[in-house]
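K.L.:
everything below, folded, please.
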Amino acid sequence: MGGPDGTDIPGAVLFACYHNAVRSPMAEGILKHLMGHCIFVDSIGVRAGELDPFVISVMEEIGIDISRHVPKEFDDLVDTSFDLVVSLSPEAHHRAIELTRTMALDAIYWPTFDPSITVGSREQILQSYRDVRDGLMKRIKQEFVPMAAPSV
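P.N.:
Predicted coordinates for the structure are as follows:
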């Protein structure tokens, strides 16, 4: 299956961030939602945190339920047959680069803001999470979702 730029879509993608509690679960949920079973998708963190309730809320807004996600870390990784690791934080990218030394996979870095550091009203905080979610959605669609056939 080809990607939007004509390249092959990887068969297995791993998203990684710092706690596997905000950014990488969002990305995992979005790609699974968009591609179904066409791609195996998982996510991990440098350290396992606790799934952030704001993440659950903003993902539910777009019809994606990630409430059963259990954060895990690199050391918990059982399946290592990924084609691509997409890092969303600098620390995760460092760990992903280490994986490329012993595994045949590609590692790319998508710098992604951590909305959990946002201060302000509940609405301001939720908007920060939505911005990250929407940015990940746009990037994932650009990178992984095949373009629809042109209409005649």
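K.L.:
show me the shaky parts of the protein.
P.N.:
Residue ranges of the chain with pLDDT under 70: 1-7, 79, 147-152.
K.L.:
may I ask you to name the longest helix in it?
P.N.:
Counting residues, the longest helix found in the chain (DSSP state H) is helix 122-144.
K.L.:
list the helices and strands that helix packs on?
P.N.:
On a contact count with 3 or more C-beta pairs under 8 Å, 6 or more residues apart in numbering; DSSP states H and E, helix 122-144 meets helix 23-35, helix 53-60. Every C-beta, even on glycine, is put in place using the N, C-alpha and C of the backbone.
K.L.:
ok, now with 10 Å
P.N.:
If you count contacts as 3 or more C-beta pairs under 10 Å, 6 or more residues apart in numbering; DSSP states H and E, helix 122-144 packs onto strand 12-17, helix 23-35, helix 53-60, strand 84-87.
K.L.:
and the longest one, what does it pack onto?
P.N.:
For helix 23-35, the packing partners by 3+ C-beta pairs under 10 Å, 6+ apart come out as strand 12-17, strand 40-45, helix 53-60, strand 84-87, helix 122-144.
K.L.:
can you pull up the most central residue in the chain?
P.N.:
For the chain, the residue nearest the mean C-alpha position is residue 27 (2.5 Å; C-alpha atoms, centre = their mean).
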